[in-house]
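Chemist: Just a sequence and a predicted model for now, questions to come.
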Amino acid sequence: MKMIKTFTLALALMTSANAFAKDKFSICWSIYVGWMPWEYGDSSGIIKKWADKYDIEIDVVQINDYIESINQYTAGQFDACSMTNMDALTIPAASFVDSTALIVGDFSNGNDGVILKDKSKLADIKGQQINLVELSVSHYLLARGLESIGLSERDVDVVNTSDADLVAAYSTKDVTSVVTWNPLLSEIEKQPSANKVFDSSNIPGEIIDLMVVNTQTLKANPKFGKALVGAWYEIMDKMKDDAVLEHMAKASGTDLAGYKAQLASTKMFFSAKEAVEFTQDKKLAQTMKYVAEFSFDHGLLGDGAPDAGFIGVETPSGVIGNPANVQLRFDPSFMQMAVDGKL
């Protein structure tokens, strides 16, 4: 009982700390085509410019391990973090860290894919071992792909494989199928035996890349949200310039052609208007329902979750799940300020 009280007190203290008005903030991001703008915004001084406008400081930190970055955000070490919609639900929201999708930056439109060796149809996947990062968006993509042809995970054997090992694993005789994301996907596709049979363009708008902010921090410090959104759309405007893209390419470990290829399979919302329209579309609620069901089926909503609706997800078209337990919010109001020129 004492341990429970101690944990509850610690959580309450962390929560109340996040609710305070303050003038220093930190955000974290990891390397991915849709998140490289944060690196450019930091190195170019754009984020500092917008922080100065609101008389605040914003520290931008790159973290090499994507999941670790989300874990650190969830633990309260950062005020905001880049992550996908699924990971926002299954890590901070499932840990009762109320979080807001402040910026809807893009969705994967071919950046995640299913590859079969020497087979050309998704139906050929039945009975195969599938190497992927278990419980990741790759796993979600596989589940949606199987569903599209009347199969389920019972019809395949999922083998958990680190993303760092997937390219090498594919080159071995025993591995006949992988599911992964770019740039790994592009590397594997270069193999003469590789055939991409399903990708995220088949489920457009379902794997969404976000900048997620602690909700209480945002409520207590709207200037933080305004600075991040203002900086983001200035960066989006500068991405028309190849010199800017080349900077992002180099920072992500590729060249301009490689980065442009990744952008081609990413639906970037370069304008705030596009992002707001996407967020307000009723399809977002349906997407989060799919994500919640997958997450519950795989035990990602926590041991105490009785069903897929345990965690409430607030969207402009309504709440998915339990309205008394909303822990993830899609709030387009700050992006709308960019549309209206009010930042």
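Modeler: Yep, it's here. Numbering: from 1, shown residues only.
Chemist: For stretch 315-326, which outside residues touch it?
Modeler: Stretch 315-326 has contacts (C-beta atoms under 8 Å, 6 or more residues apart in numbering) with 98, 279-282, 284-285, 288-289, 292, 308-314, 330, 332. To be clear about C-beta, it is placed using only N, CA and C from the backbone, and glycine gets the same treatment.
Chemist: Could you pick out the buried ones from the residues you listed?
Modeler: Buried by 16 or more other C-beta atoms under 10 Å: 98, 279, 284-285, 288, 292, 308-314, 330, 332, out of the contacts of stretch 315-326.
Chemist: Is the residue positioned nearest the centre of the chain bridged to anything, and to what?
Modeler: The centroid of the chain falls nearest to Thr84 when counting by C-alpha atoms, centre = their mean (1.4 Å). For Thr84, the beta-bridge partners are Asp209 (DSSP bridges).
Chemist: In this structure it contacts Asp209, no?
Modeler: Yes: counting by C-beta atoms under 8 Å, Thr84 touches Asp209, with 6.0 Å between them.
Chemist: intersection of neighbour lists for those two?
Modeler: Common neighbours of Thr84 and Asp209 (C-beta under 8 Å, 6+ apart) do not exist.
Chemist: picking that back up, who's in contact with the residue nearest to the centre of the chain?
Modeler: For Thr84, the contact set (C-beta under 8 Å, 6+ apart) comprises 137, 207-210.
Chemist: farthest pair in these?
Modeler: Within the contacts of Thr84, Val137 and Leu210 form the most distant pair, 12.4 Å apart (C-beta to C-beta).
Chemist: Return the member of the contacts of Thr84 nearest to Trp50.
Modeler: Distances from Trp50 to these, taken by C-beta to C-beta, are shortest for Leu210, at 18.7 Å.
Chemist: host element of the residue lying closest to that closest one once chain neighbours are set aside?
Modeler: Sequence neighbours aside, Ala101 is the residue nearest to Leu210 in space, at 4.5 Å (criterion: C-beta to C-beta, 6 or more residues apart in numbering). Per DSSP states H and E: Ala101 is located in strand 99-108.
Chemist: for that strand, what is the average pLDDT?
Modeler: Over the span of strand 99-108, the pLDDT mean works out to 98.
Chemist: Name the strands paired with it and say parallel or antiparallel.
Modeler: Paired strands of strand 99-108, with direction, are strand 208-214 (antiparallel), strand 266-268 (antiparallel), strand 326-330 (parallel) (DSSP bridges).
Chemist: Please work out which of these is packed deepest.
Modeler: When the strands paired with strand 99-108 are scored by mean count of other C-beta atoms under 10 Å, the highest mean neighbour count falls to strand 208-214 (a mean of 26).
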